[in-house]
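1. heads up, no residue letters with this:
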């Protein structure tokens, strides 16, 4: 875990492993903190003026949590990944620099500054540790962290914050154009195949959710939380396997449906698609249908539903949006089911043998991964 | 090519991307099957495998390149399906009968 800065770790395992690794690090900063996101999401869903139980006093916690607490937690966790507890502390300190320098929830900034600050401290410790006289460890350790933290917070405030702010603004403007022009469903063409390649967490927590929280903070909801997390397309594919798959896969499909749709572990359906890669078309069709439905009905979620279970969806759906949200999930499941069913029926006689399919996908994947 | 005798396996770690979702599920299922062998099954993010105490690593094919990179000297068992995978059944059998477990 020492190599968050993705240079020079000598990996020869191809672009996919490299992208996964970077994405894994992004997700690794966010996912341990999902509980705090849920607390914030529920607080928002309940107490903001458009929530279930509008309450001005209690809703005053919403802002500080999203602006301060969540980015600091991300910076803290990112620092810990690089340099243990000391890295966590300096990551949190430096994150304050990007938070104060910005007008939006600084998730991206925290993801950069937290690990970076920890990496700098690691280098400093590497120099100071060997020359620290016995008995001076605590003095030098505390002050090296304190002084480096001060400097890194200043650098973050003056340098990194404004850059990330400008980048986020550009990203947000790009997304707004896609929403306004109705092109957002096309995002599924990228999102769904990337999910199958186990980039699901990287895409959702690393890219989409940071854009989403900015929108949610301004308008109380965001569609960005729904692009990757919609359990509909996976449900449709698993249903198709249950009804039209070969006998071996048919048996495991009902259990997979429960784990996927109710438990929210989307990973469980990726292997089914990898066995018949052409099924990614079903995932794309279903995903695009869902996004289009969410767009037309004008719905969004207040926070990222994690894991992507139907229960998590219902928990972060704001009042009045249930119809659009459930309709989008149902339609995306129906469309991906139909496409997957047709594909499975059409290709069934060709390779009903599981081992043949497995060997094929194995060759395909090792080819891609090495 | 790393290998180990099934009888010597005391700790199995299941890796996934975040170490909090699919790996936890599979680790629970494996732990249940290996209860009588006194084998502990834990879970970890694939990026932090090097810091775990393990005899055998289990992970999905999609992440196997990174698992091998993280722990090049450990046997890495690669599976395709989260439910009903033959390789997982084989691993359980190898541990139960104490036969040789080798890398995929």
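-> Noted; the coordinates are in hand. The structure presented is a predicted model; accordingly, all values stated were derived computationally and were not measured.

2. got the residues of the stretch 51-200 of chain A near chain B?
-> Taking Cβ under 8 Å from any Cβ of the partner chain as the criterion, the neighbours of chain B within the stretch 51-200 of chain A are A:81, A:197, A:198, A:200. In short, each C-beta sits where N, CA and C put it, glycine included.

3. Quick check: phi and psi on the second one?
-> Geometry field for residue A:197 lists phi and psi as phi -90, psi 20, criterion degrees, to the nearest 10.

4. same check, this time on the first one
-> Taking degrees, to the nearest 10, you get phi -60, psi -30 for the backbone angles of residue A:81.

5. Run through the residues that contact it.
-> A:1, A:4, A:25, A:28, A:29, A:87, A:115, A:118, B:47, B:48 (Cβ atoms under 8 Å, 6 or more residues apart in numbering or on different chains).

6. ok, now with 10 Å
-> Shown in contact with residue A:81 (Cβ atoms under 10 Å, 6 or more residues apart in numbering or on different chains): A:1-2, A:4, A:25, A:28-29, A:32, A:87-88, A:91, A:114-115, A:118, B:45, B:47-48.

7. out of those, which one sits closest to residue A:255?
-> Nearest to residue A:255, judged by Cβ to Cβ, of those is residue B:45 at 24.6 Å.

8. That closest one against residue B:20, yeah?
-> Yes: at 7.8 Å, residue B:45 counts as touching residue B:20 under the criterion of Cβ atoms under 10 Å.

9. List the residues that are in contact with both of these two.
-> Common neighbours of residue B:45 and residue B:20 (criterion: Cβ under 10 Å, 6+ apart): A:27, A:28, A:31, A:32, A:201.

10. that older thread, neighbour-wise, which of residue B:45 and residue B:20 wins?
-> For residue B:45 versus residue B:20, neighbours defined as other Cβ atoms under 10 Å in any protein chain shown are more numerous around residue B:45 (26 against 19).

11. now that one, which residues is it bridged with?
-> residue B:16 (DSSP bridges).

12. Model confidence for it, exactly?
-> Note on residue B:45: pLDDT of 85.

13. need the contact list for it.
-> Counted by Cβ under 10 Å, 6+ apart, residue B:45 has contacts A:1, A:24-25, A:27-28, A:31-32, A:81, A:201, B:15-20, B:23, B:51-52, B:63, B:70.

14. how many other residues sit next to residue A:141?
-> By other Cβ under 10 Å, neighbour count at residue A:141 equals 15.

15. which residues does the closest residue to residue A:188 other than its chain neighbours contact?
-> Using Cβ to Cβ, 6 or more residues apart in numbering or on different chains and skipping residues adjacent in sequence, the residue nearest residue A:188 is residue A:287, 3.5 Å away. Neighbour list for residue A:287: A:185, A:187-193, A:195, A:226-228, A:230, A:232-234, A:332, A:335-336 [criterion: Cβ under 10 Å, 6+ apart].

16. what sits against residue A:257?
-> A:231, A:234, A:235, A:237, A:238, A:239, A:241, A:242, A:263, A:268, A:269.

17. do that again at 7 Å, thanks
-> For residue A:257, the contacting residues are A:235, A:238, A:239, by Cβ atoms under 7 Å, 6 or more residues apart in numbering or on different chains.

18. any idea how far stretch A:336-350 is from the chain center?
-> Its chain's average C-alpha position is 30 Å from that of stretch A:336-350, according to Cα atoms, centre = their mean, to the nearest Å.

19. repeat for stretch A:57-67
-> Remark: stretch A:57-67 is offset 23 Å from the chain centroid, using Cα atoms, centre = their mean.

20. Pull up the distance across that stretch, start to finish.
-> 17 Å (Cα to Cα, to the nearest Å).

21. Kindly report the same for stretch A:312-326.
-> 12 Å.

22. And for stretch B:91-104?
-> 11 Å.

23. Can you go through the contacts of residue B:45 and name the buried ones?
-> A:1, A:24-25, A:27-28, A:31-32, A:81, A:201, B:15-20, B:23, B:52, B:63, B:70 (16 or more other Cβ atoms under 10 Å in any protein chain shown).

24. Just the contacts of residue B:45: which are in strands?
-> B:15, B:16 (DSSP state E).

25. got any ranges where the stretch 1-150 of chain A has weak pLDDT?
-> The stretch 1-150 of chain A contains residues with pLDDT under 70 at A:1-13, A:16, A:101.

26. follow-up on the earlier one: could you identify which of the contacts of residue A:257 has the most neighbours?
-> residue A:238 leads these on contacts (other Cβ under 10 Å) with 30 neighbours.

27. now the residue nearest to that one when sequence neighbours are not counted: how far from residue B:102?
-> Nearest non-adjacent residue to residue A:238, counting by Cβ to Cβ, 6+ apart: residue A:257, 4.8 Å away. Distance from residue A:257 to residue B:102, counting by Cβ to Cβ, to the nearest Å: 34 Å.

28. and if you look at residue A:224?
-> 45 Å.

29. Likewise for residue A:91?
-> For residue A:91 relative to residue B:102 (Cβ to Cβ), the value is 40 Å.

30. So the two - more neighbours on which side?
-> It is residue A:91, of residue A:91 and residue B:102, that has more neighbours when counted by other Cβ under 10 Å, with 33 against 11.

31. Tell me, how many residues neighbour the nearest residue to residue A:48 once chain neighbours are set aside?
-> Leaving aside its chain neighbours, residue A:48 sits nearest to residue A:59 (5.1 Å; criterion: Cβ to Cβ, 6+ apart). Neighbours of residue A:59 under the rule other Cβ under 10 Å: 17.

32. mind checking how far residue A:59 is from chain B?
-> Per Cβ to the nearest Cβ, to the nearest Å, residue A:59 is found 30 Å from chain B.

33. show me where chain B has helices.
-> Along chain B, counting by DSSP state H, helices occupy B:22-33, B:64-70, B:86-97.

34. Identify each buried residue in the last one, please.
-> Read it as helix B:86-97. So for helix B:86-97, counting by 16+ other Cβ under 10 Å, buried means B:88, B:91, B:92, B:94, B:95.

35. Quick one: name the residues of chain B near chain A.
-> B:16-18, B:20-22, B:25, B:45-48, B:61-63, B:65-66, B:69, B:80-84 (Cβ under 7 Å from any Cβ of the partner chain).

36. Give me the buried entries from those.
-> B:16-18, B:20-22, B:25, B:45-48, B:61-63, B:65-66, B:69, B:80-83.

37. need the contact list for the residue nearest the centre of chain A.
-> Nearest to the mean C-alpha position of chain A, counting by Cα atoms, centre = their mean, stands residue A:205 at 1.9 Å. Neighbour list for residue A:205: A:26, A:27, A:30, A:31 [criterion: Cβ under 7 Å, 6+ apart].
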